[in-house]
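# the following comprises the amino acid sequence and a computationally predicted model.
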Amino acid sequence: METLFSPVILFFVLGALAAFARSDLAFPEPMSKALSLYLMCAIGLKGGILVAGNGFTIDLLLAATAGLVLSCLIPVGAFAVLRSFGRLDSTNAAAVAAHYGSVSVVTFIAGNQILTDSGMPPAGYMIAVLALMETPAIIVGLFLARGGNGMKMQSGQELMRETLLNGSVVLLTGSFIIGLVIGKEGFEPIAPVFETGFNGLLCLFLLDMGLIAARRISHARSLTARLVLLAIIFPIVNGTIGCIVGAMIGLDVGTTTALAILAASASYIAVPAAMRLALPKADAGLYLSLSLAVTFPFNITIGIPLYTQLAKLMV
Amino acid sequence: METLFSPVILFFVLGALAAFARSDLAFPEPMSKALSLYLMCAIGLKGGILVAGNGFTIDLLLAATAGLVLSCLIPVGAFAVLRSFGRLDSTNAAAVAAHYGSVSVVTFIAGNQILTDSGMPPAGYMIAVLALMETPAIIVGLFLARGGNGMKMQSGQELMRETLLNGSVVLLTGSFIIGLVIGKEGFEPIAPVFETGFNGLLCLFLLDMGLIAARRISHARSLTARLVLLAIIFPIVNGTIGCIVGAMIGLDVGTTTALAILAASASYIAVPAAMRLALPKADAGLYLSLSLAVTFPFNITIGIPLYTQLAKLMV
Amino acid sequence: METLFSPVILFFVLGALAAFARSDLAFPEPMSKALSLYLMCAIGLKGGILVAGNGFTIDLLLAATAGLVLSCLIPVGAFAVLRSFGRLDSTNAAAVAAHYGSVSVVTFIAGNQILTDSGMPPAGYMIAVLALMETPAIIVGLFLARGGNGMKMQSGQELMRETLLNGSVVLLTGSFIIGLVIGKEGFEPIAPVFETGFNGLLCLFLLDMGLIAARRISHARSLTARLVLLAIIFPIVNGTIGCIVGAMIGLDVGTTTALAILAASASYIAVPAAMRLALPKADAGLYLSLSLAVTFPFNITIGIPLYTQLAKLMV
Amino acid sequence: MVTKSPRKKIEILVDTPLLRRLREVAEGVEADGYTVQRTQGGEGSRGRWFDDQVTGGAGSKVVFTTILDDATTDHLLQALEPLIDEYGLLVTVSDVDLVRAQKDQAG
Amino acid sequence: MVTKSPRKKIEILVDTPLLRRLREVAEGVEADGYTVQRTQGGEGSRGRWFDDQVTGGAGSKVVFTTILDDATTDHLLQALEPLIDEYGLLVTVSDVDLVRAQKDQAG
Amino acid sequence: MVTKSPRKKIEILVDTPLLRRLREVAEGVEADGYTVQRTQGGEGSRGRWFDDQVTGGAGSKVVFTTILDDATTDHLLQALEPLIDEYGLLVTVSDVDLVRAQKDQAG
Ligand SMILES: Nc1ncnc2c1ncn2[C@@H]1O[C@H](COP(=O)(O)O)[C@@H](O)[C@H]1O
Ligand SMILES: Nc1ncnc2c1ncn2[C@@H]1O[C@H](COP(=O)(O)O)[C@@H](O)[C@H]1O
Ligand SMILES: Nc1ncnc2c1ncn2[C@@H]1O[C@H](COP(=O)(O)O)[C@@H](O)[C@H]1O
Ligand code: NA
Ligand code: NA
Ligand code: NA
């Protein structure tokens, strides 16, 4: 409960309230982009440094495998529900499903911060798991869109290339590797920017995300009550599955919660860009609204504390 | 005198000189906006935390009342002088008057910094007073523009809403409340960004404001010598009134100076936006030039030290 | 060798790799600009403060003279080689030559950082030398372009004015003077932004420069193998000359290396803007590609360690 | 093959704080859509300006573009009339062809 | 004196992630050049949007402008046809005069 | 009702460092005003560019738009002639209607 009063969450709520009240408060877009690049850099570095310190462990391998499997299976389940209960056509159902198989970097970062502040820091390798889980769901989503038929080899490869080279994937992975190379000592001179400043800049970014998310839901057209419901049920179910899996493979409470957050969160950076390219006929307003304007705020405010409680019960 | 050599002032002067010399030095506009959002957030948080620490005191109440009364009366006096000596029509006189009744957040921040560096930190609640003084003058200005006749109820309400929801008002008030909620302890993890970095980022912002202010005065059309004179007399008179009132209600030197700065300063963020909406026929070039390009530099370089001396004499 | 694994260099390489792989990773342009303004401010302040501490010394005078002479002579040599071996017409040869006579602020900053990290900090006055070396080569370049005939007095003066008022020159010089005025003590409150944050923000900026440089070389049209070769030979030769001169006038290893870096580096901020104005017929794609996309990466990765070794041998 | 339909392109330079009002006018005449672009600066009878993004938007203008058929164009201009002078709008109209895919035409 | 040559100006509003594809189409018909400008937001049949630059470019559009002679215009529009609906492009064509310096003409 | 007056719209793509010169030319022919917009990038005979805002503006272009009557248009183009090739300007002219409020007409 008290995590709801962490500055990060309060700034998010301030942004959302401002947008709902139709305030003209707005961040310059380049600042939003700059903050999101900074956060990915910082979290990538942090992960790399932690893994450099602890080495590649069995836990890492187990968590990575769990993450990969989840990100491939979640879209399949989501697709079925979106088609039947959600009443979407197969293109839109596949596009939305891919978002839920992938992950939200910002949700992970916020959760990571909150867990660390509560004395349950997730293992550093979860940042590698985060990076691994960003893209596979995109491929699964495309298979679903094509009714199980593969794509033409060539355009498949091109899409694969563009997805793996998505700015956020490259930045996260690249910073992770730099973190691995420089280690704790090499990190020291740049720590004031990438570590000391992290929390405060995260507040500013979440203020902005509150504005963006609330503004998006105010102008969403194609949302139905059923779809909004699904955008809340999906994270609960996937988060619970994440908890169960984390507990089963023997992760600690913080790390289990982190896995749950990854499973529960939906991408709104890498996957929308990929879907706009690969399934241009799918409704971008729809998948962005669901992942960014419903699931993201839900996870930030209710989901993260919920998965933490669940993880405490299970581990 | 020595405050003139504080980095904050020197950077402002550098910006102004560069613009007067027609250098092509320019900050990207999103950076200016980002810095101004950051400063409002930081000052709001700071105020909230200080008030959270000291509670709501009688002093706070007195200062708030004084600020509110000043911000309602200043426009009335300014309006009369602008009409007669300044030779403005009633729309323009009212628009300009509203600016002088409201406050300049940046002037306040610079003054606050300089006072703190000189060992006379103003009370934290002055940030609440700052927030309170931002909007009432707008309403007074509109009444003046309409020759004392009220506005149509509906458009009055709409304007009220838009004014209270102006981005800067929302951000300042919102951060103040967040500061109240999180208190000193909750502030710690975000202090490196919002406190440690404050002074340096303020320098960059004032460099930019020097550029913007000087560029504006270089291209101002409708300024007359009489108006420029008024834009220097207003802050002196209002600042003196602020000192007297502050001394009367028993504030300390730093806090009295802060009240004087609020009285003396003229808005160039919230009020121009409101006037553009409410009195679109008023000359935006005129009110922005007076408040931003004359009064603001005057206050930053001469006004703040002057009010400090006055406050020392009176308190 | 180990400097290659400094975070600054690794981020540069990450940016370059991302651009070569045609990732869509891109920094918002206002962020690039903001970072470059910040770096110039910070380095200027630092220089001023160091000189304020040590006073104007003979060493400073010698280094300044050496720098000025080098920046006037280098373009003459470069011009001759670009005409003959490089097969450029005289306008383009002069424009390119001016870039090599001037200096790259970012290369200097990166070198300065690396030298400081290796325990060989260059003298603070080298920042004044940097500022002095920015513009003279522009004038020399214009004389060369006009076949030794002077320009018409009037347009010459105007160009001089615009060059000396170039944003980067003004900012660097202005911050240097502010640093001189405020000294070490006055710097303290703003040090968290301009000193503590420097290294980390430099990483972000070099990530961006890696992207910009690699993208530019991917789309360069007019580059020939001969010109690319020259863009690598110039820094080696000029860097070596810089080392010899530095050793001759009795500078220490770090300072000698810094002089070599200044001699070896080519401008891509102040000079391109001046050339676009003064020699609009010269090919901007050509001079920017050579200085930014060939010489800059060469210096960052190979040049700086090379000149360091040379300086160690000679001093 | 593509088909082309003649349309009017209305471009309006407006102060950022007044954009909301303009949008309401466009919605009032049921315009199909609009697109907004930033500007960097300019000069006119009321002096020179730069989009500084600090001074409350009062020093910032955007270009509002909407592509309409002739009837809606007339409605929009009529609805705009009282605002043109009050808000200091710069309004231009020009001819464009809107391009559609053939199948779309059939659909 | 300057000379003027009649040209077509083709303006295309396109989602940022699809810009690369559009560029390839333009290169395919050997367009002389193009210029890209950002937008801030807009509204259409698929709702309102703001260029937030965060959501992977899926919430961001740019204007792609190319000035072509009549023949190349036809080639470009033909090549664009399958993309117009698929990508939700807004495409307009208008008449402009391209201005050249006289000496250039002679050269 | 509104009134429409035929005007020329001159659009000039110019390198940022040369904008000041262009402004002087426009002032020289007493143009009523102009508006400047940023660009993001483009491609032409001299290669592809992105507005990086770092490389001294040499890698950055803006669009300078001015709406003029026929006579001033001719003066402007004549004054521009020597710059078109030297500065590598892209200049186009098109027809627009400038919209005014009726009362303004009367005033
Ligand atoms: N003839 C024109 N061509 C292009 N833009 C103009 C023109 N006249 C005015 N503007 C723009 O409209 C703004 C307001 O014009 P004004 O009301 O005349 O000051 C100017 O600052 C310019 O940005
Ligand atoms: N009539 C129009 N005029 C100007 N822009 C439009 C128009 N219709 C659509 N747009 C732009 O194209 C985008 C996509 O349109 P739509 O596919 O109708 O949602 C909109 O969000 C607007 O930015
Ligand atoms: N046909 C065209 N249509 C639109 N923009 C163009 C065209 N040709 C050139 N440009 C723009 O003008 C710039 C300079 O052109 P160029 O001198 O041909 O390299 C290009 O980079 C484009 O941004
Ligand atoms: Na997920
Ligand atoms: Na005031
Ligand atoms: Na050099």
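Cool, the structure landed. Ligands and ions are numbered 1, 2, ... in the order given.
# make it CA atoms for all contacts and neighbour counts henceforth
OK.
# next, the buried residues of the helix or strand encompassing residue A:179.
Residue A:179 is part of helix A:167-187 when elements are defined by DSSP states H and E. Neighbour counts over helix A:167-187 (16 or more other Cα atoms under 10 Å in any protein chain shown) mark A:167-184, A:186-187 as buried.
# equivalent analysis for stretch A:61-70, please.
Applying 16+ other Cα under 10 Å to stretch A:61-70 flags A:62, A:63, A:64, A:66, A:67, A:68, A:70 as buried.
# distance from that stretch to the middle of the chain?
The chain centre lies 15 Å from the centre of stretch A:61-70; the measure is Cα atoms, centre = their mean, to the nearest Å.
# other residues contacting that stretch?
A:101, A:126, A:128-130, A:132-133, A:136, A:242, A:245-246, A:249, A:259, A:262-263 (Cα atoms under 8 Å, 6 or more residues apart in numbering or on different chains).
# count of neighbours near the closest residue to chain C within the stretch 1-150 of chain A?
Going by Cα to the nearest Cα, chain C is nearest to residue A:30 of the stretch 1-150 of chain A, at 5.3 Å. Look at residue A:30: counted by other Cα atoms under 10 Å in any protein chain shown, it has 22 neighbours.
# could you measure from it over to residue C:159?
According to Cα to Cα, to the nearest Å, residue A:30 and residue C:159 sit 33 Å apart.
# residues touching residue A:198, list them.
A:39, A:42.
# with the one 10 residues further on instead?
When contacts are counted by Cα under 8 Å, 6+ apart, residue A:208 touches A:12, A:15, A:26, A:27, A:32.
# which of these fall in helices?
A:12, A:15, A:32 (DSSP state H).
# tell me which residue lies nearest the centroid of chain A.
residue A:104 (1.2 Å; Cα atoms, centre = their mean).
# do the one helix or strand residue A:208 maps to and ligand 2 come into contact?
Here residue A:208 sits within helix A:198-219, counting by DSSP H and E. No. Applying Cα under 6 Å from any ligand atom, one finds helix A:198-219 separated from ligand 2 by no less than 11.4 Å.
# where exactly do the helices run in chain D?
Using DSSP H, helices in chain D cover D:19-28, D:70-87, D:102-106.
# tally of neighbours for the residue of chain D found nearest ligand 5?
Ligand 5 sits closest to residue D:55 of chain D, with a gap of 16.1 Å, by Cα to the ion. Number of residues near residue D:55 (other Cα under 10 Å) recorded here: 20.
# about what we covered before: which members of the buried residues of helix A:167-187 additionally contact chain C?
A:167, A:168, A:170, A:171, A:174, A:175, A:178, A:181, A:182, A:186, A:187 (Cα under 8 Å from any Cα of the partner chain).
# wait, what's in contact with residue A:300?
Taking Cα under 8 Å, 6+ apart as the test, what residue A:300 contacts is A:9, A:107, A:110, A:111.
# need the residues you listed in CSV with pLDDT, neighbour count and distance to residue D:76, can you?
Below are these laid out as CSV (pLDDT from 0 to 100; neighbours: other Cα atoms under 10 Å in any protein chain shown; distance: Cα to Cα, whole Å):
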residue, pLDDT, neighbour count, distance to residue D:76
A:9, 91, 22, 43
A:107, 96, 25, 44
A:110, 94, 21, 46
A:111, 95, 27, 49
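# these in helices, which ones?
Checking the contacts of residue A:300 against DSSP H, those in helices are A:9, A:107, A:110, A:111.
# I figured the second one hits residue A:261, correct?
Okay, so that is residue A:107. Yes. The criterion here is Cα atoms under 8 Å, and residue A:107 meets it with residue A:261 at 7.3 Å.
# which neighbours do these two share?
residue A:299.
# quick one: name whatever helix or strand follows the helix or strand hosting residue A:40.
Element membership of residue A:40, judged by DSSP H and E, is helix A:29-54. Counting by DSSP H and E, the next helix or strand C-terminal to helix A:29-54 is helix A:58-84.
# so the nearest residue to residue A:206 once chain neighbours are set aside versus chain E, what's the distance?
Distance criterion Cα to Cα, 6 or more residues apart in numbering or on different chains; nearest residue to residue A:206, sequence neighbours excluded, is residue A:12 at 4.8 Å. Distance, residue A:12 to chain E, by Cα to the nearest Cα, to the nearest Å: 15 Å.
# of the ones in helices among the contacts of residue A:208, closest to ligand 1?
Comparing those against ligand 1 with Cα to the nearest ligand atom picks out residue A:32 as the nearest, at 27.5 Å.
# give me the pLDDT for that closest one.
Per-residue pLDDT puts residue A:32 at 92.
# repeat for residue D:103
pLDDT at residue D:103 comes out at 58.
# what about residue A:53, distance to ligand 2?
Using Cα to the nearest ligand atom, to the nearest Å, residue A:53 is found at 49 Å from ligand 2.
# what do you get for residue A:279?
From residue A:279 to ligand 2 the distance is 15 Å (Cα to the nearest ligand atom).
# which residues touch that residue?
If you count contacts by Cα under 8 Å, 6+ apart, then residue A:279 has A:91, A:95, A:142 around it.
# which ones, among the contacts of stretch A:61-70, also lie beside chain E?
Answer for the contacts of stretch A:61-70 near chain E: none qualify (Cα under 8 Å from any Cα).
# tell me the mean pLDDT for stretch A:294-302?
95.
# to clarify, my last question referred to stretch A:36-49.
Stretch A:36-49 comes out at a mean pLDDT of 94.
# identify the residues contacting that stretch?
Everything outside stretch A:36-49 that qualifies as a contact, by Cα under 8 Å, 6+ apart, is A:105, A:109, A:124-128, A:168, A:171-184, A:187, A:194-195, A:198, A:202, A:205, C:27, E:54.
# cutoff 7 Å now
Under the contact criterion Cα atoms under 7 Å, 6 or more residues apart in numbering or on different chains, stretch A:36-49 has outside partners A:124-125, A:127-128, A:171-173, A:175-180, A:183-184, A:194.
# and those, which is closest to residue E:21?
Ranked by distance to residue E:21 (Cα to Cα), the contacts of stretch A:36-49 are led by residue A:171 at 23.2 Å.
# state which strand of chain D is the longest.
In chain D, assigned by DSSP state E, the strand with the most residues is strand D:2-15.
# just the pLDDT for whichever residue of the stretch 51-200 of chain A sits closest to chain F.
Nearest residue of the stretch 51-200 of chain A to chain F (Cα to the nearest Cα) works out as residue A:167 at 17.0 Å. Predicted confidence (pLDDT) for residue A:167: 90.
# the one 3 residues further on now?
Model confidence at residue A:170, given as pLDDT, is 94.
# distance of it relative to chain D?
The value you get for residue A:170 to chain D, if Cα to the nearest Cα is used, is 30 Å.
# try residue A:265
Applying Cα to the nearest Cα, the value for residue A:265 to chain D is 32 Å.
# just residue A:52 next, same as before
For residue A:52, the distance to chain D - Cα to the nearest Cα - is 44 Å.
# ok, residue A:20 next?
15 Å.
# which ones are touching the closest residue to that residue other than its chain neighbours?
With sequence-adjacent residues excluded and distances taken as Cα to Cα, 6+ apart, residue A:20 is closest to residue A:214, at 6.2 Å. Residue A:214 is in contact with A:16, A:19, A:20, A:293, counting by Cα under 7 Å, 6+ apart.
# understood, closing this out.
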